[in-house]
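**Q** Predicted model follows, preceded by the sequence.
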Amino acid sequence: MSDHPDYDRLSALRADINRHNYAYYVNNESTITDADYDALMRELQHIESDHPEWVSADSPTQRVGAKPDKGFVTVSHPVPMLSLDNAFSDDDLQDFDRRVSERLATFAPDIVETPNTQDLFSDHASVDNSITYCAEPKLDGLAVSLIYENGQLVRAATRGDGATGEDITLNARTLNTIPLSLMGSGWPAFLEVRGEVYMPLAGFDALNNSQREKGEKAYINPRNAASGALRQLDPALTRARPLEFCCYAVGQVTGGTLPKSHWGILDTLGRWGFKTNPETRLVKGSAGCAQYFAQLGEKRAQLPYDIDGVVFKVDDMGLQARLGFVSRAPRWAIAQKFPAQEQTTQLLAVDFQVGRTGAITPVARLAPVFVGGVTVSNATLHNQDEIERLGVGIGDQVIIRRAGDVIPQIVKVATPATPHVPIEFPLDCPICHSSLERVVGEALVRCTAGLYCAAQRKEGLKHFVSRKAMNIDGLGDKLIDTLVDQGLVNGFSDLFRLSKDDLLALERLGEKSADNLLQALEHCKETTFAKFLYSLGIREVGVATARNVAQYFGDLESLYAASIDQLLSVPDVGPIVAEHLFGFLQEQHNQEQIAALLSLGVHWLAPVAATGQPLVGQTWVVTGKLETMTREAAEARLRDKGAQVAGSVSKKTTQVVAGPGAGSKLKKATALEIPVGDEAWLIAFLASLDTDAGI
DNA sequence: CTACCTCGAGCTCA
DNA sequence: CTCGAGGTAG
């Protein structure tokens, strides 16, 4: 480090600015005038421009970086970001509390004794033995994971599907409530902080006012505005949005320890520079939870941000560990949602959609109504039984509910229209007018025309070209509609018979689009047996089943030759799936379609006999960050060699590959004495396999 | 189910 | 500028 006097000044400036930032953005206190603050910033910028070698990523001047020319990169979470179970009533909450207590009592009767914590809602805290929960508002924003290595923010990612999300580091850095380097001391070498990025209501209103002044469109709700802001490609634009980050948990932690209670952890995170929610409280038992929920519900309208419920977590981390997880959610936490918002609107009409399998679904067309943050104008009515249950008719005023779980539903009729106009379920297919059948035991009605029905053809084609199937780029819904409507495409194989002239004749489809599409069609011909099977859209055959079937039979000839019994011996294939598969393959039309596709050049490489692969029967785990390839790529290469790739380490694991940042998995591997290699080792190992194979 | 962002391409008008 | 396609989020 330099002992240059300017350097001392620079360090002092950064510390000062960070302190003022923290006070202002995290604690909502002004500790300096704007003018003085600007002066400090200018002075810092001045020193940094004189000494560019001193500029570091955690300097307050470095919040806005250059705009990346690529989109966002997917990254995996060191520990999956799980979702929470939902409670919709105090009863649900009582059940939750009972499950927690019982489970803890079963395993260790004495552990239920609660730690000595302050209690805000119960007078007899000292005598009861109910569980202590940490209660906090559930902010309505986006879940984000922040990784700090040695106190420096190194990565921010969206939640994504829980296992992998998008790298939004550059955008996250622009939030003043996200520390670039942690304050204080004592933080673990590797710390993952989780929380919510959200837009406070005041900022949202201001943003929308300025949008309107600029003649641009206003955002519909704070959550969407926050979501949009975060996935802005240019960090400067994100910077201009009033976003905040509020932490609520930690993910992976290595190289240090944290307090033994959730409350303590939040408190500690607060001291390291994070914003924590001021409404957070400790409560006891389901009664305490219910009381907190009721009180926050009353306060909700006054809060400066949107919330959609309350989260209760068992406060004691030791108890959390004992409770563990069920599938995708922790047993020690629950989210209680506020009652779903409801609105009344008019049922204008009911359309009947025909799905890929011919299923007829009634869809309610509603007078647009704003409910739960979005404008709802469609809602599914599921089936005839549902229509009868509701007793709903055209023109009725109906109550729409949009629960937190996204899908709007018609709850009931508010005011029936007079006279009642019944919803007539069609007697034949609304598209092709073939007859309908209702399978006994099913609520569904189906069009019997199969591929003779234009709607089913369209849906089948949409499935065929979709990403997980043949993955044909540039063939969207609209184009498929036109192609089928114009009679240019009927079966799958017709796609490959399209000429450039056919395409150029279509509206809004020029030279470039036509070329791109033809190229995509050519490109997709090389596929895999599994994807091909999936693409065909056989009932009940999804990605997983297709893969199993493909692996089991290896090639089309064997599959064609298979009896029902043989189909049944494929993993995860039961009598129903076997029947569908068998029926599909027997049908002459399908055989012709498959033959046509193959003759037009669709092909796949014969899988190298599984037994011939070097890693067959081995289970590998890849963890941590890799430098020269993505983790997914590494896993794919291992699978190519016949290995099973698992997400977690167990006794059965053969080999672990660990990059920097590996945590619990690495620890477990060491504990179980499973061999561990790093990336360089992996590359060398894969290379050795290839040379061996070549000899 | 709806809303948002990004991208490439086509259309329109100067 | 507008459109369609593709992706994300809850």
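**A** Yep, that arrived. Keep in mind that this is a model prediction, so the values were computed, not measured.
**Q** okay, CA-based contacts and neighbour counts for the rest of this
**A** OK.
**Q** Identify the residue of the stretch 451-600 of chain A closest to DNA strand C, quick one.
**A** Taking Cα to the nearest atom of the strand as the measure, the stretch 451-600 of chain A has A:G476 as its residue closest to DNA strand C, at 3.1 Å.
**Q** no no, the stretch 201-350 of chain A
**A** In the stretch 201-350 of chain A, the residue that lies nearest DNA strand C is A:S227 (6.4 Å; Cα to the nearest atom of the strand).
**Q** that older thread, count of residues packed around the residue of the stretch 451-600 of chain A closest to DNA strand C?
**A** Residue crowding around A:G476 was assessed by other Cα atoms under 10 Å; the count is 12.
**Q** residue contacts, the residue lying closest to it once chain neighbours are set aside?
**A** Here the nearest residue to A:G476 in space, its sequence neighbours aside, is A:K462; by Cα to Cα, 6 or more residues apart in numbering that works out to 7.6 Å. For A:K462, the set of contacting residues under the criterion of Cα atoms under 8 Å, 6 or more residues apart in numbering consists of A:G476, A:D477, A:I480.
**Q** How is A:K462 assigned, secondary-structure-wise?
**A** Three-state secondary structure (criterion: DSSP: H, G, I helix; E, B strand; the rest coil) places A:K462 in helix.
**Q** list the buried ones in the helix or strand containing A:V363?
**A** Element membership for A:V363, per DSSP states H and E: strand A:360-371. Burial within strand A:360-371, assessed by neighbour count using 16 or more other Cα atoms under 10 Å, is assigned to A:I360, A:T361, A:P362, A:V363, A:A364, A:R365, A:L366, A:A367, A:V369, A:F370, A:V371.
**Q** Return the list of strands paired to that strand, each annotated with direction.
**A** Strand A:360-371 has the following strand partners under DSSP bridges: strand A:341-354 (antiparallel), strand A:374-380 (antiparallel).
**Q** Pull the CA coordinates from the longest one and hand them back as CSV.
**A** Going back to what we said before, that points to strand A:341-354. As requested, the backbone C-alpha atoms of strand A:341-354 are provided in CSV (Å, rounded to 0.1, in the frame of the first residue of the first chain):
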residue,chain,number,x,y,z
GLN,A,341,-57.5,-9.6,-3.5
GLU,A,342,-60.9,-9.8,-5.2
GLN,A,343,-62.7,-7.7,-7.7
THR,A,344,-66.0,-7.8,-9.4
THR,A,345,-66.2,-7.7,-13.2
GLN,A,346,-68.4,-8.9,-16.0
LEU,A,347,-68.1,-12.2,-17.8
LEU,A,348,-68.3,-11.0,-21.4
ALA,A,349,-68.0,-14.4,-23.2
VAL,A,350,-66.6,-17.8,-23.0
ASP,A,351,-64.3,-19.2,-25.7
PHE,A,352,-63.4,-22.8,-26.0
GLN,A,353,-59.8,-23.6,-26.7
VAL,A,354,-58.6,-26.8,-28.2
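**Q** Let me know the helix or strand that A:V154 is in.
**A** Under the assignment given by DSSP H and E, the secondary-structure element containing A:V154 is strand A:152-158.
**Q** Could you do A:A66 as well?
**A** Per DSSP H and E, A:A66 falls between elements, in no helix or strand.
**Q** how close does the residue nearest to A:G510 when sequence neighbours are not counted get to A:D481?
**A** Excluding the flanking residues, the one nearest A:G510 by Cα to Cα, 6+ apart is A:L504, at 5.9 Å. Look at A:L504 and A:D481: by Cα to Cα, to the nearest Å, they are 16 Å apart.
**Q** cool, and A:L258?
**A** 57 Å.
**Q** repeat for A:N277
**A** From A:N277 to A:D481 the distance is 50 Å (Cα to Cα).
**Q** now A:V369
**A** Separation of A:V369 from A:D481 (Cα to Cα) stands at 29 Å.
**Q** In chain A, what residue lies closest to DNA strand B?
**A** With Cα to the nearest atom of the strand as the measure, A:G510 is the residue of chain A nearest to DNA strand B, at 2.7 Å.
**Q** shouldn't that residue be in contact with A:D502?
**A** No - between A:G510 and A:D502 there is no contact under Cα atoms under 8 Å: 11.2 Å.
**Q** need the contact list for A:A143.
**A** When contacts are counted by Cα under 8 Å, 6+ apart, A:A143 is found next to A:T158, A:R159, A:R194, A:G195, A:E196, A:V197.
**Q** Of these, just the buried ones, PyMOL syntax please.
**A** To isolate the buried ones among the contacts of A:A143 in PyMOL, judged by 16+ other Cα under 10 Å, type:
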select buried, chain A and resi 158+159+194+195+196+197
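**Q** show me which of the contacts of A:A143 neighbour DNA strand C.
**A** Restricting these to those near DNA strand C by Cα under 7 Å from any atom of the strand leaves A:T158, A:R159.
**Q** Dump the contacts of A:A143 into TSV; add pLDDT as well.
**A** As requested, the contacts of A:A143 are arranged in TSV below (pLDDT from 0 to 100):
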residue	pLDDT
A:T158	97
A:R159	96
A:R194	98
A:G195	97
A:E196	97
A:V197	97
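**Q** Return the member of the contacts of A:A143 nearest to A:T174.
**A** For these, the closest approach to A:T174 (Cα to Cα) belongs to A:V197, at 11.9 Å.
**Q** any idea how far A:S59 is from that closest one?
**A** Distance, A:V197 to A:S59, by Cα to Cα: 22 Å.
**Q** for A:F204, same thing?
**A** 28 Å.
**Q** More neighbours: which of those two?
**A** Regarding A:F204 and A:S59, a neighbour count based on other Cα under 10 Å identifies A:F204 as having more, with 24 against 21.
**Q** Give the closest residue to A:P80 in space, chain neighbours not counted.
**A** A:A163 (4.9 Å).
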